[in-house]
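[1] Provide a 3D model corresponding to the input given below.
(one chain, ligands or ions: 1)
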Amino acid sequence: MESGMVRPLIAGNWKMNGLSSACETIAEVAKGLEQYSDAADCLICPPATLLSKVTETAKGSRLKTGAQDCHSAASGAHTGDVSAEMIADLGASYVIIGHSERRADHGETSEIVAAKTEAAFRAGLTPIICIGETLEEREAGRTIEVVSEQLAGSIPASAFGKAFVVAYEPVWAIGTGKVASTGQVGEVHDKVREILGERFPGQADQTPILYGGSMKPDNAAELLAVENVDGGLIGGASLKAEDFLAIYAACVSAK
Ligand code: 13P
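    Got it, this is the predicted structure:
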């Protein structure tokens, strides 16, 4: 996985899934974590509607909670939006920013992502900044160029000295069952580490770089063994406690 000082992270992104009954899954994950080493962090980001209840359910356990998006402003006339301060107020500690589904469905540019990342820092949250190329971009041989541009534009200069996470999620691997090969993942993760090292000297080996895109219990060990892969951002497989815990177990044993 990695040789530096990075603390691995297994993060679940529930996307627009889960009603109040889904808190049973949270309780199961929180309890299940007790049987494993605490060598990695574990996080679930439910939809905003469940964040309060989920955070309450996870209290006292090793399971952390986070949101899937935030507005860049602290408060104001932004109907339907949620601020980073509101997320922190619930006791959640992370926020996913710039997921490809938000970049595609809500026209979020890297500039917007950088402003939201600033908001996360302002509120004391750890942002998980997402980057990743489309199939068209990969087939055109532009993967490294695209992720480098997204990385440069999405992480504000104020990130220096602050805790943040980068998630590499190739768009074509999300929800498709098509997993990036270990070679493809390794190439991008190495590049991300290199860019972070140039931009934030001394900090790159403390910044977790997660892989996301069809990570499941049966492919997690292989993906997590790749150098510079410090964990995963998991969609579908995070909805089932058993599967999510199996990925966590693969992560702590890959260490
Ligand atoms: P899947 O694991 O369902 O492919 O989703 C990945 C993802 O987009 C997590 O943010």
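[2] residue in this structure nearest to the ligand?
    Gly235 (2.3 Å; C-beta to the nearest ligand atom). C-betas here are computed from N, CA, C, even on glycine.
[3] that residue - how many residues pack around it?
    21 (other C-beta atoms under 10 Å).
[4] thinking it is in contact with Gly212, fair?
    Yes. Between Gly235 and Gly212 there is a contact under C-beta atoms under 8 Å: 7.2 Å.
[5] any common contacting residues for the two?
    Asn13, Ile174 (C-beta atoms under 8 Å, 6 or more residues apart in numbering).
[6] picking up where we left off before, show the model's pLDDT score for the closest residue in space to the residue of the chain closest to the ligand that isn't next to it in sequence.
    Counting by C-beta to C-beta, 6 or more residues apart in numbering, Gly235 lies nearest to Asn13, which is 5.3 Å off, once chain neighbours are set aside. Note on Asn13: pLDDT of 98.
[7] what of Val54?
    98.
[8] which element is it on?
    Per DSSP states H and E: Val54 is located in helix 51-58.
[9] got a list of contacts for that helix?
    Under C-beta under 8 Å, 6+ apart, the answer for helix 51-58 is 20, 22-23, 26-27, 30, 44, 46, 64-65, 67, 87, 90-92.
[10] ok, and the closest non-adjacent residue to Leu135?
    Trp172 (3.9 Å).
[11] the one you found is in contact with Glu137, isn't it?
    No. With contact defined as C-beta under 8 Å, Trp172 and Glu137 do not form a contacting pair (9.2 Å).
[12] the ligand contacts on this structure?
    Residues of the chain lying close to the ligand (C-beta under 6 Å from any ligand atom) are 13, 99, 169, 174-175, 212-215, 233-237.
[13] remind me which residues of the protein are low pLDDT?
    Counting by pLDDT under 70, the chain shows low-confidence ranges at 1-4, 255.
[14] tell me the helices and strands packed up against the helix ranked longest in it.
    Longest helix of the chain, by residue count under DSSP state H: helix 182-199. Under the contact criterion of 3 or more C-beta pairs under 8 Å, 6 or more residues apart in numbering; DSSP states H and E, helix 182-199 touches helix 143-154, strand 165-168, strand 209-212, helix 220-224.
[15] in three-state terms, label Ala22 for me.
    With DSSP: H, G, I helix; E, B strand; the rest coil as the basis, Ala22 sits in helix.
[16] and it, how many neighbours?
    Using other C-beta under 10 Å: Ala22 sits among 18 other residues.
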